[in-house]
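*Asks:* Pasted the sequence and its predicted model underneath.
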Amino acid sequence: MSAGRRPLVAGNWKMHKTPGEAREFCTALAALVGSEPSVDVAVCPPYTALAAAADALAGTSIAVYAQNIHEAASGAHTGDISAPMLLDVGVQGTLVGHSERRAAGDTDDQVALRVRAGIDAGLLVVLCCGESLDTRRAGDTERWVTRQVQSALADVHAADIDRLVIAYEPIWAIGTGETATPAQAQDACATVRAVAAERVDAAALRVLYGGSVNPGNAAELMSQADVDGALVGGASLDPESFAQIVEAAA
Ligand code: PEP
């Protein structure tokens, strides 16, 4: 693993936790993880809890990421949030292209624009990609992931490497308790890295695995050669289990 590929463990809270709950969680997590972990750690609260999380984590090494951004900086986009707005409340990164957002209507073109907008604004962008069960059963995983990554990185350049992370998240493993095998995670993350090499120095790119990661399976998944950490959903909602996954990455 190159120096640029410091492990990252990010917790996607989805539509969970109020500002008060976020504050309580972050205070507990900071106590468990310590101030200088050997891995990068981030939480991704819903929009309404971002400011509370950023406030509770100020002075710690734990970052706060959003779960999505709009591609425009401002304008007539009712219900959306822009990257500059997030930066203003202490957010340092954002997910883009999560399968739950794609299922809700986010298109490949929007994902590509949002990757660009997030990087341009100064956020770390965690681009999510991954195939459905039907696609995997059809033997089409590599082609699907290749197309998603090529499309999302269409306007990404070598200089963007420090602001880009890619998370491979097979849809069939998200929230199902069915985790990809370490070999499946490795194969897909290697594909992601190889495709990203068309745009950036992929040897320095962090590629995460996501999909039912928990304290029991995290170490083996993250020990794969092309897996540089984890994007964690359900198991990130409890500070102890999330801290154990961080520990597994260390
Ligand atoms: C996710 O939502 O990104 C995720 C990986 O969820 P879970 O860990 O619950 O499968």
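*Replies:* Done, it's in.
*Asks:* How about the residues of this structure by the ligand?
*Replies:* Neighbours of the ligand within the chain, by Cβ under 6 Å from any ligand atom: 12, 14, 169, 174-175, 210-213, 231-235. All C-beta spots, glycine's among them, are computed from the backbone N, C-alpha and C.
*Asks:* Can you select the buried ones among those residues for me in PyMOL?
*Replies:* Restricted to buried positions by 16 or more other Cβ atoms under 10 Å, the PyMOL selection for those reads:
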select buried, resi 12+14+169+174+210+211+212+213+231+232+233+234+235
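*Asks:* so can I have a markdown table of the residues of the chain next to the ligand showing pLDDT?
*Replies:* As requested, those are arranged in a markdown table below (pLDDT from 0 to 100):
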| residue | pLDDT |
| --- | --- |
| 12 | 98 |
| 14 | 98 |
| 169 | 98 |
| 174 | 97 |
| 175 | 93 |
| 210 | 98 |
| 211 | 97 |
| 212 | 96 |
| 213 | 98 |
| 231 | 98 |
| 232 | 98 |
| 233 | 98 |
| 234 | 97 |
| 235 | 98 |
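*Asks:* Among the residues of the chain next to the ligand, name the ones in strands.
*Replies:* When DSSP state E defines the strands, the subset of those inside them is 12, 210, 231-232.
*Asks:* Spatially, which two of those are the most separated?
*Replies:* Spatially, the most separated pair among those is 12 and 210, at 7.7 Å (Cβ to Cβ).
*Asks:* Would you report the backbone torsion angles of residue 213?
*Replies:* Summarising the backbone geometry of residue 213 under the convention degrees, to the nearest 10, its torsions are phi -70, psi 140.
*Asks:* got a list of contacts for the helix or strand hosting residue 94?
*Replies:* According to DSSP states H and E, residue 94 maps onto strand 93-96. Contacts to strand 93-96, defined as Cβ atoms under 8 Å, 6 or more residues apart in numbering, come from residues 10, 12, 42, 44, 63-69, 83, 86, 101, 111, 114-115, 118, 123-128, 152, 167, 231.
*Asks:* Output stretch 64-80 in PDB with nothing but the alpha carbons.
*Replies:* Only the C-alpha atoms of stretch 64-80 are listed here, as PDB (Å, rounded to 0.1, in the frame of the first residue of the first chain):
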ATOM      1  CA  VAL A  64     -17.800  14.800   8.700                       C
ATOM      2  CA  TYR A  65     -19.000  14.000   5.200                       C
ATOM      3  CA  ALA A  66     -22.400  14.600   3.600                       C
ATOM      4  CA  GLN A  67     -24.400  11.900   1.900                       C
ATOM      5  CA  ASN A  68     -24.900  13.700  -1.400                       C
ATOM      6  CA  ILE A  69     -24.600  17.200  -3.000                       C
ATOM      7  CA  HIS A  70     -26.200  19.100  -5.900                       C
ATOM      8  CA  GLU A  71     -24.000  19.900  -8.800                       C
ATOM      9  CA  ALA A  72     -24.800  23.600  -8.700                       C
ATOM     10  CA  ALA A  73     -23.400  26.000  -6.100                       C
ATOM     11  CA  SER A  74     -26.800  27.700  -5.600                       C
ATOM     12  CA  GLY A  75     -30.000  28.400  -7.500                       C
ATOM     13  CA  ALA A  76     -33.600  27.200  -8.000                       C
ATOM     14  CA  HIS A  77     -33.100  23.600  -6.700                       C
ATOM     15  CA  THR A  78     -35.800  23.100  -4.100                       C
ATOM     16  CA  GLY A  79     -34.800  20.500  -1.500                       C
ATOM     17  CA  ASP A  80     -31.100  20.300  -2.600                       C
END
